[in-house]
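Undergrad: just to be clear, the model below is a prediction. Sequence and coordinates:
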Amino acid sequence: MEYESVIGLEVHVQLQTKSKLFCGCLVNFGAAPNSQTCPVCLGLPGVLPVFNRQAFEWGIRVALALDATVGRVMKFDRKQYFYPDLPKNYQISQYDQPLARRGALTIDGEGNSKRIGIHRIHLEEDAGKLLHSTDEPVSFVDFNRAGVPLLEIVSEPDLRSTEEAYQYLVELKAVLQYLEVSNCNMEEGSLRCDTNVSLRRPTDISLGAKVEIKNLNSFRAVKQALEHEIKRQALLLDQGSAIALETRLWDAKRQRTESMRSKEDAADYRYFPEPDLVPFVIDSNVVEQIQAALPELPAQRRQRFQSVYQLSAYDAHVLTQERTLAELFERTACLCQKPKAVANWIMGDLLAYLNAKNLALDAVTLRPEWLAQLIGLVDDGTLSGTMAKEVWGKVLERGIEPAVIVREGSLQQIVDVGLLEHLADSVIREYPKSVEDYSKGKANALMYLVGQGMKRSQGKANPQQMTQLLKRKLDELRERITGRVTE
């Protein structure tokens, strides 16, 4: 039977503040275990939390960028549950009065754009981290992460496919990076995602039983877990079985979800207002100031790239997914006034290099001036396309400008007509069979001779000039031969 998948995502974003949400402990990934803790984030008796203003303002910044309505009152609640990595046995979060509600994010769906609703956005503190020993039956807990500010962004169940879920995460990550509120590094836990998925018949209005999936550490894992879970639920429904309302874990090695626990609801957490943090009215002037200071967002930059630089929708979409990539493109395009060439070099060779090395753009030493210089060297004939690719690879590997690499390797293209004439004559002398084939009308013979000329020049000859020279010489030779035969 055909089913429609209904997907919602809960994304936890670690805000890149210097200190934690309710204390002055620093937030540094990779610090020695339990070295960034204090009585407040450890929940020791007699301590009081103090709200981090930067986290508050950045939360509003994200809410406004997602077109959400910021609440009138800021209020925190205690979410109570018992787990070894939760030192207070409760988490300071927000329940009935979140920071913002009713937002939206537009994604490029399968052939068209789609607006995905944002149900709520709220602030909360993170828990610690459990470390499990492989040598002995013990676990350790590191509380460095306890109290780190998180912003939870909960979508409406508006996603209908794994591809839409993937595109939603990609677009959301781009927005957060443009806002500069998080590095969104999933390997460090700065961006985490839980999914909710259910199936129903396409004609049904009501939703099916919802299953939550946790332990997803990459966008690819989100897509894989959803694909597996949709198949699992469809098989159960076809067999006439009910779908259990539960939380499941994704096992990346076995490529399957496994039951973790029955699904909790709000009553299980026994929420009540946080007594140590007094609710306060959010100043509308502060919200207006943050709104006025919002940067250009990915969707806006995409439209501008298409109108100003005459890029295709596809090129603009690729170039704006990463803020650093978009800035590299724009700064280079302004320097050399060749936006399409810049886009091609970035989307082609640069992204291929980064993907092959599994690197982020920030990990490579690269200046817009260098890419503009490389394009200029191709335009003025100093480098052929093949030579430019070789130089570009060395630029990325060594982090130095193209002109230096050209001088060091004597990679300058041969454009001297006398030298090219000599190369063409030597090729014609040494490959009489190809010359004869050309005279008989075999066009491929010319390409073969050009290839031999490029090989003799070690790729330094200008291929267009070499082709023109050889064609002229071969045509002249054919005319002379034809003339003698006629006589």
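TA: It's in.
Undergrad: any weak-confidence spans in the stretch 201-350 of the chain?
TA: With pLDDT under 70 as the threshold, the stretch 201-350 of the chain has low-confidence stretches at 264, 266.
Undergrad: now do the helices in it.
TA: If DSSP state H, counting those that start in this stretch is used as the criterion, the helices of the stretch 201-350 of the chain fall at 219-238, 266-269, 284-292, 298-308, 313-320, 323-336, 339-345.
Undergrad: give the contact list for the closest residue in space to Leu131 that isn't next to it in sequence.
TA: Across the structure, with Cβ to Cβ, 6 or more residues apart in numbering as the measure, the residue nearest Leu131 apart from its sequence neighbours is Phe140 (4.4 Å). All C-beta atoms are positioned from the backbone trio N, CA, C, and that covers glycine. When contacts are counted by Cβ atoms under 8 Å, 6 or more residues apart in numbering, Phe140 is found next to Pro33, Leu130, Leu131, His132, Ser133.
Undergrad: next one, pLDDT for the second one please.
TA: Spelled out, that is Leu130. pLDDT recorded at Leu130 is 92.
Undergrad: and what about it, helix, strand or coil?
TA: The three-state label given to Leu130 by DSSP: H, G, I helix; E, B strand; the rest coil is strand.
Undergrad: tell me the contacts of the residue nearest to Gln306 when sequence neighbours are not counted?
TA: Beyond its immediate neighbours in the sequence, the residue positioned closest to Gln306 (Cβ to Cβ, 6+ apart) is Ala316, lying 4.9 Å away. Neighbour list for Ala316: Arg301, Arg302, Gln303, Phe305, Gln306 [criterion: Cβ under 8 Å, 6+ apart].
Undergrad: make it 6 Å
TA: By Cβ atoms under 6 Å, 6 or more residues apart in numbering, the residues touching Ala316 are Arg302, Phe305, Gln306.
Undergrad: out of those, which one sits closest to Glu258?
TA: Ranked by distance to Glu258 (Cβ to Cβ), the contacts of Ala316 are led by Arg302 at 39.6 Å.
Undergrad: burial count for Leu277?
TA: In terms of burial, Leu277 registers 18 neighbours under the definition other Cβ atoms under 10 Å.
Undergrad: low-confidence regions, the stretch 351-487 of the chain specifically.
TA: Low-confidence segments of the stretch 351-487 of the chain, defined by pLDDT under 70, span residues 409-419, 458-462, 481-487.
Undergrad: which residue ranges of it form strands?
TA: If you assign secondary structure with DSSP state E, counting those that start in this stretch, the stretch 351-487 of the chain ends up with no strands.
Undergrad: between the contacts of Phe140, identify the one with the most neighbours.
TA: Using other Cβ under 10 Å as the neighbour criterion, Pro33 leads the contacts of Phe140 with 14 neighbours.
Undergrad: give me the three-state assignment for it.
TA: The three-state assignment at Pro33 reads coil, by three-state DSSP.
Undergrad: wait, a strand at Ile7?
TA: Yes: using three-state DSSP, the assignment for Ile7 is a strand.
Undergrad: from what I see, it and Val197 are in contact.
TA: Yes: counting by Cβ atoms under 6 Å, Ile7 does reach Val197; the two are 5.0 Å apart.
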